[in-house]
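Engineer: fold the following.
(one chain, ligands or ions: 1)
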Amino acid sequence: MHELSVAAAIIERAADCAREHGAAAVTVVRVRVGELSGVVPDALAFSFDVAREGTPLASARLEVEQVAARAHCAACAADFAVGVPPFLWCPRCDRPSAELRSGRELEIVAVELPAAEAGVPEEDRARRVGTGPPHAGESAPAARPASSGSAASA
Ligand SMILES: [Zn+2]
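Structural biologist: Sure thing, here's the model as predicted:
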């Protein structure tokens, strides 16, 4: 099944992206699939569900944007749908057109990571996990009510 290897490649790329950004998971993967790419969206969705088990994409959503196959006629500047399999013949001026504009796409257009992890800059995350100064933080709020209390009584 062709779609299974495509799904595996999508998962691998998206997992790499998550790793690069220090995220443990991927929430959404958006892909563009052309009509002529040879990939059937339903089969891709099924393969994705099978292949993502045990990966950072285990609970990710796959969004497939299907791209229609269209050609452009240089003679009359018309754009027209060529269908599957493609019929490269301009319907307006009734002559052959070999310029396929879209339909072969097979690409990842977006990888979304969990907001909590993706939104935090690298150094902030290190500070949160690392050994911060907890005592300095505790003493500061304790000192404030005392000073404000003395200011109110004075
Ligand atoms: Zn034409």
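Engineer: Gln66 against Glu35, yeah?
Structural biologist: Yes - if you go by Cβ atoms under 8 Å, Gln66 and Glu35 touch, sitting 6.8 Å apart. Where you see a C-beta, it was placed from the backbone N, CA and C, and this is true even at glycine.
Engineer: quick check, pLDDT for the most centrally placed residue in the chain.
Structural biologist: The geometric centre of the chain, computed from its C-alpha atoms, lies nearest to Val111 (Cα atoms, centre = their mean), at 1.8 Å. pLDDT recorded at Val111 is 97.
Engineer: and what of Val84?
Structural biologist: 89.
Engineer: okay, and it sits in which element?
Structural biologist: Taking DSSP states H and E as the definition, Val84 sits outside all helices and strands.
Engineer: so who does the closest residue to it other than its chain neighbours touch?
Structural biologist: By the measure of Cβ to Cβ, 6 or more residues apart in numbering, the closest residue to Val84 outside its immediate chain neighbours is Glu35, 5.2 Å from it. Taking Cβ atoms under 8 Å, 6 or more residues apart in numbering, we find Glu35 in contact with 66-69, 84, 103.
Engineer: could you pull out the strands for the protein?
Structural biologist: Taking DSSP state E as the test, the strands found in the chain are 28-34, 61-67, 70-72, 79-81, 89-90, 95-96, 99-102, 106-112.
Engineer: and the fifth one, how far out from the chain middle?
Structural biologist: Yep, that's strand 89-90 we're talking about. Relative to its parent chain, strand 89-90 has a centroid offset of 36 Å by Cα atoms, centre = their mean, to the nearest Å.
Engineer: that strand pairs with which strands?
Structural biologist: Strand 89-90 sits in its sheet next to strand 95-96 (antiparallel), going by DSSP bridges.
Engineer: could you tell me which residues of this structure lie near the ion?
Structural biologist: Within the chain, the positions adjacent to the ion are 73, 75-76, 78, 90, 92-93 by Cβ under 5 Å from the ion.
Engineer: where does this structure dip in pLDDT?
Structural biologist: Low-confidence segments of the chain (pLDDT under 70): 1, 116-154.
Engineer: cutoff 90 now
Structural biologist: Residue ranges of the chain with pLDDT under 90: 1, 84, 97-98, 115-154.
Engineer: can you list the domain ranges for it.
Structural biologist: Per automatic domain parsing, the structural domains of the chain span 1-68+103-122, 69-101.
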